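>>> build me a model from this:
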Amino acid sequence: MYTEPRVYVSDLAAYNSGVLHGCWIDVTQDLVDIQSEIQNLLKKSPVESAEEYAIHDYEGFGDCLVNEYSSILYVKELASFIGEHGEVAGSVLSYFGGTLSDAKMAMEEGYSGCYESLADFAEEITSQGVEVPESLAMYLDYERMGRDMELSGDIFTVQTAYNEVHVFWAN
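Numbers count the residues shown, from 1 in each chain. Alright, predicted model coming up:
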């Protein structure tokens, strides 16, 4: 189930004093608004002169991991990317280890589409521009073709659900 990206920000001064003080913040809003919510959280701290915060939980980022000390700007960029491309973007980010530039390039230049299986993708690209005669069709193993394309590095895939395989051409 996909939800809008958000993070749970904790007041570290309170946390280190044994008090849980934090709030969920929608990171799809403007960066200034996110920073304002964090400052308001710190101002309302039960511990005097609270200055530091950490991300202690998150959701809506798919398979992508958000670090406790990730910058708010980076988290905002991740949320924008996921907002633009949907749940698959979190999986692509995870595939590239959170490297946003590589994930963006894959989505913009290498995305081939969503298929029920890798075999369906292999069948589609095989039949593009060529009509496979019925007498030969039974000799084609699309499952093996798809697997070989992935193993050879020609493509990579991310699976977001059962029967939901996103295929990307490797750059």
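
>>> which residues of this protein fall in helices?
12-16, 31-43, 72-85, 87-95, 100-105, 118-127, 134-137, 142-151 (DSSP state H).

>>> check which helices and strands the last one is in contact with.
Pointing back at helix 142-151 there. helix 118-127, strand 155-161 (3 or more CB pairs under 8 Å, 6 or more residues apart in numbering; DSSP states H and E). To be clear about C-beta, it is placed using only N, CA and C from the backbone, and glycine gets the same treatment.

>>> name the residues of that helix that are buried.
Buried residues in helix 142-151, counted by 16 or more other CB atoms under 10 Å: 142, 145-146, 149-150.

>>> can you find the helix or strand in the protein with the smallest mean pLDDT?
In the chain, no helix or strand scores lower on mean pLDDT, DSSP states H and E than helix 134-137, which sits at a mean of 85.

>>> report the distance from that helix to the chain centre.
From the chain centre to the centre of helix 134-137 is a distance of 40 Å (CA atoms, centre = their mean, to the nearest Å).

>>> and what of stretch 37-45?
That offset, for stretch 37-45, works out to 28 Å (CA atoms, centre = their mean).
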